[in-house]
Structures are given as structure tokens and as C-alpha cells.
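In: Here is a sequence together with a model predicted from it:
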Amino acid sequence: MFGIGQELLLIGLLILVVFGPMKATSLARDLGRFVNGAIRTVEEFKEELLTEEAKEVRSSVKDLESEIKSN
């Protein structure tokens with residue numbers, strides 16, 4: 001029925017009415033900080049996983065190379 005933009009606008013207006021303009025800006029700032037922190041945490045976790053996987057792949061390749069050379 002509504003588009004995403006219209007729904008967000010409606011939610012924003014409801015927040016303004018319920019919490020008032022001063023509290024709504026504080027809530028928006030806190031929400032932004034939370035989302036930014038969550039994104040950073042996910043990116044750091046993905047980097048850790050990729051580096052661990054890369055280390056495992058490198059060690060597997062070295063093992064295979066040594067096996068090929070010994071045969």
C-alpha cells in the first residue's frame with residue numbers, strides 16, 4: 001500500500017509526536033551510532049574469518065607442494 005519512503009516518513013512523524021523533537025534527535029543519533037558500531041563489528045569479524053581461511057589455504061597449498069616435490 002505505502003512505499004518504503006512513505007512508511008519511513010510515517011514512522012518518523014510518529015516518533016516526533018511521541019518523543020518530541022529534542023528526544024527524537026537524540027534517539028536518531030544513538031541509533032546511528034549503534035548501526036555504525038554493528039557494521040564495524042561485522043566487517044572486523046569478516047576480516048578475521050577471511051584471514052584465518054587464507055592462512056589455512058596457504059598451509060594446505062604448501063603441504064600439497066611439498067608432497068608433489070617429494071613424489
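Out: Great, that's in hand. Residues are numbered from 1 along each chain as shown.
In: contacts, neighbours, all on C-alpha from now
Out: Will do.
In: Below-threshold pLDDT in this protein: ranges please.
Out: 1-2 (pLDDT under 70).
In: 50 instead?
Out: Along the chain, no part satisfies pLDDT under 50.
In: just the helices in it please.
Out: Assigned by DSSP state H, the chain shows helices spanning 4-70.
In: most centrally placed residue in it?
Out: Of all residues in the chain, the one closest to the mean position by C-alpha atoms, centre = their mean is residue 39, 2.9 Å from it.
In: Enumerate every residue touching that one.
Out: For residue 39, the contact set (C-alpha atoms under 8 Å, 6 or more residues apart in numbering) is empty.
In: Roughly how far does it sit from residue 13?
Out: Relative to residue 13, residue 39 is positioned 26 Å away (criterion: C-alpha to C-alpha, to the nearest Å).
In: how much space between the residue nearest to the centre of the chain and residue 4?
Out: For residue 39, the distance to residue 4 (C-alpha to C-alpha) stands at 22 Å.
In: before we move on, what about residue 30?
Out: 22 Å.
In: Neighbour count: those two, which is higher?
Out: Using other C-alpha atoms under 10 Å, the more surrounded residue of residue 30 and residue 4 is residue 30, with 12 against 9.
In: contacting residues for residue 54?
Out: So residue 54 contacts nothing (C-alpha under 8 Å, 6+ apart).
In: swap in residue 16?
Out: Each residue near residue 16 by C-alpha under 8 Å, 6+ apart is listed here: residue 24.
In: Look up how far residue 29 lies from it.
Out: In terms of C-alpha to C-alpha, residue 16 sits 14 Å off from residue 29.
In: what do you get for residue 13?
Out: 16 Å.
In: and what of residue 8?
Out: Residue 8 is 16 Å from residue 29, by C-alpha to C-alpha.
In: measure residue 50 to residue 63 for me?
Out: 20 Å.
In: Same question for residue 19.
Out: Distance from residue 19 to residue 63, by C-alpha to C-alpha: 62 Å.
In: Same question for residue 26.
Out: On the measure of C-alpha to C-alpha, residue 26 and residue 63 end up 56 Å apart.
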